[in-house]
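Novice: Sequence plus the predicted model coming up.
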Amino acid sequence: MTAGQSSSRLHWLPFIVAATFFMEYLDTTIIATALPQMAQAFKVGPNELSLGMTAYMLTLAVFIPISGWVADRLGSRTVFGSAIVIFTLASVLCGISSSVFEFTAARILQGMGGALMVPVGRLIVVRNTSKDKLMQAISTITWPAIVAPVVGPSLGGFITTYFSWHWIFLINVPFGIAALIAVAKLVPNERGTQRRPLDMVGFFLSGTALTSLLYGTELASHTETNLTVAILFILAGIVLGVFSYRHGMRSEHPLLDYSTLKVPTFNVTIVAGSFTRIGIEAVPYLLPLLFQIGFGLSAFHSGLLLLASALGNLGMKMFTTRVLQRFGFRRVALNNAAIAGVFVLACGLLTATTPVPVVLMTIFIYGLSRSMQFTTLATLAYADVSEAQKSAASTLWSVAQQMTIGMGIAFGALALRIASYFNGGTDLASGEAHFSVTDFHWAFAMAGVVTLCSALGYRMLAKDAGNNLGGGARANAKGR
């Protein structure tokens, strides 16, 4: 293969990976609107089906940490292609399920595929993209995670209304086959430079820590559950996480290599970035509830309003690279986090009498800032990571991302329950809740404050952070 052919092949990698990411991220959000129809088909209550969603999430928590080790041992193309096969096959099994047991088993299998597909796909892109092109590549693979949570519920509602819930899963089949063919032809099969033994202690600690954290946050997001139980699971996850960190720092071949946190740019995107994601990710949970419970809108009309956020997310993708090149990573991360925080607060000021154009503009600008921040963080994370650390960094990044998405939803739910409690509408122990518009205002305020406070973490970045990726290139050229 000539150098030109090799370069052309690598050019397509971000698009292939982005397509598989969209398939996986969409699948985690599209199912919510289909639950009533699925429950009717299985002859159970909707709450019983939540077991399938929880099983999928917990399977991700267990197997994401091992993804880097498997890719280094078996080869990135082998693992990525196998993950697509597992995910697609599991989608078929979900689509033809006839009971809760069958559906839950299929979702566990699907979670195994998703746990390997996302971090290994990101690793493939990072390993095969030069620093000067990494900004654009990361921007390409980031958009599915930004857009899917917004368009998923609307698309799911359309499919279940006009077709059948089975197609929510079966539509993955042609995409999975196309992606597998592309992977076989275009993705190189790279292995790690060292043959590390499997860190079983680290696997156990990381798996149990993430499972406890995510299960606790999942419980906290359901108003009918006892909040004390949810908090105990979260605390257990934090304690196990501390043990996992201490083990990882002492182990010669850790499953999760926390030494990558010694890289300043990576550390900031993980630590400060996690708080930013928690605050921002609370909004997709709170807004639909505000529109439906607070404003009395239908699920369909609520979904239409939320499309403004999707347009903001997609629209920003055309400008992220140019904005980062013009202003640099530090200024963008710091100022955009502040903008995002302000518009999270602004969402809490919306009322049933707010003019529709104002509602749409508020949600649209929130979508713009959300897209800009997530792309900035995902790109900056690899600015100073060495080649030898890329596998470990990709795994740790995927763990942090998965954890903070769940925690964002749980934070939104918890903030809403706390606001309702102080307004006399919720019993925190029993979970019995009656939410008012005022409760939503306070919940958005809490999410906005978390987002604004996270902006302070980006002050720790060096002024030239990410310049090796092209950040601030135009400003630097103008200065000279």
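Specialist: Yep, it's here.
Novice: pLDDT averaged over the helix or strand harbouring Tyr215, what's the number?
Specialist: In the assignment (DSSP states H and E), Tyr215 maps to helix 200-220. If you average the pLDDT over helix 200-220, you get 87.
Novice: residues in contact with it?
Specialist: Helix 200-220 is touched from outside by 54, 57-58, 61-62, 64-66, 225, 227, 229-238, 240-241, 243-244, 247-248, 251, 254-256, 399, 402-403, 406-407, 409-410, 413-414, with contacts defined as Cβ atoms under 8 Å, 6 or more residues apart in numbering. C-beta: built from backbone N, CA, C; applies to glycine.
Novice: do the same with stretch 166-183
Specialist: With Cβ under 8 Å, 6+ apart as the criterion, stretch 166-183 contacts 12, 16, 19-20, 23, 27, 30-31, 34, 77, 80-81, 84-85, 87-88, 91-92, 94-96, 156, 159-160.
Novice: Over to stretch 66-77?
Specialist: Counting contacts by Cβ under 8 Å, 6+ apart, the residues touching stretch 66-77 from outside are 79-80, 115-116, 119-120, 123-124, 127, 183-184, 187-192, 194-196, 198-199, 203, 255, 391-392, 394-395, 398.
Novice: cool, stretch 95-104 as well?
Specialist: Judged by Cβ under 8 Å, 6+ apart, the contacts made with stretch 95-104 from elsewhere in the structure are 38, 41-42, 44, 48-49, 51-52, 55, 93-94, 106, 166-170.
Novice: domains in this protein, as residue ranges please.
Specialist: As assigned by automatic domain parsing, the chain contains the domains 11-186, 199-254, 256-480.
Novice: Where does pLDDT dip in the stretch 251-400 of the chain?
Specialist: 299 (pLDDT under 70).
Novice: can we see that at 90?
Specialist: 251-259, 281-282, 284-322, 325, 352, 371, 375, 378-379, 381-400 (pLDDT under 90).
Novice: rewinding a little: of the contacts of helix 200-220, buried ones?
Specialist: Neighbour counting over those (16 or more other Cβ atoms under 10 Å) leaves 54, 57-58, 61-62, 64-66, 227, 230, 233-234, 236-237, 240-241, 243-244, 247-248, 254-256, 399, 402-403, 406-407, 409-410, 413-414 as the buried ones.
Novice: Helices - which of the residues you listed land there?
Specialist: With helices identified by DSSP state H, the entries of the buried ones among the contacts of helix 200-220 that belong to them are 54, 57-58, 61-62, 227, 230, 233-234, 236-237, 240-241, 243-244, 247-248, 399, 402-403, 406-407, 409-410, 413-414.
Novice: and Ile181, how many residues sit next to it?
Specialist: One way to gauge burial is a neighbour count; for Ile181, by other Cβ atoms under 10 Å, it gives 12.
Novice: and it, how far is that from Leu26?
Specialist: Taken as Cβ to Cβ, to the nearest Å, the spacing of Ile181 relative to Leu26 amounts to 20 Å.
Novice: Ok, Ile365 next?
Specialist: Ile365 sits 24 Å away from Leu26 when distances are taken as Cβ to Cβ.
Novice: Disregarding flanking residues, what is the spatial nearest neighbour of Ala297?
Specialist: Just to correct that, residue 297 is Leu rather than Ala. Leaving aside its chain neighbours, Leu297 sits nearest to Phe291 (4.6 Å; criterion: Cβ to Cβ, 6 or more residues apart in numbering).
Novice: The one you found belongs to a strand?
Specialist: No. Going by DSSP: H, G, I helix; E, B strand; the rest coil, the assignment for Phe291 is helix, not a strand.
Novice: what's the distance between it and Ile138?
Specialist: Distance of Phe291 to Ile138, given as Cβ to Cβ: 32 Å.
Novice: Would you mind giving me the confidence score for Gly431?
Specialist: Each residue has a pLDDT score; the one for Gly431 is 51.
Novice: In three-state terms, how would Asp464 be classified?
Specialist: Looking at Asp464 with three-state DSSP, the answer is coil.
Novice: how many neighbours does it have?
Specialist: For Asp464, the neighbour count with other Cβ under 10 Å is 13.
Novice: rewinding a little: test my guess that the residue nearest to Leu297 contacts Leu304.
Specialist: No. Under the criterion of Cβ atoms under 8 Å, Phe291 is not in contact with Leu304, lying 9.6 Å apart.
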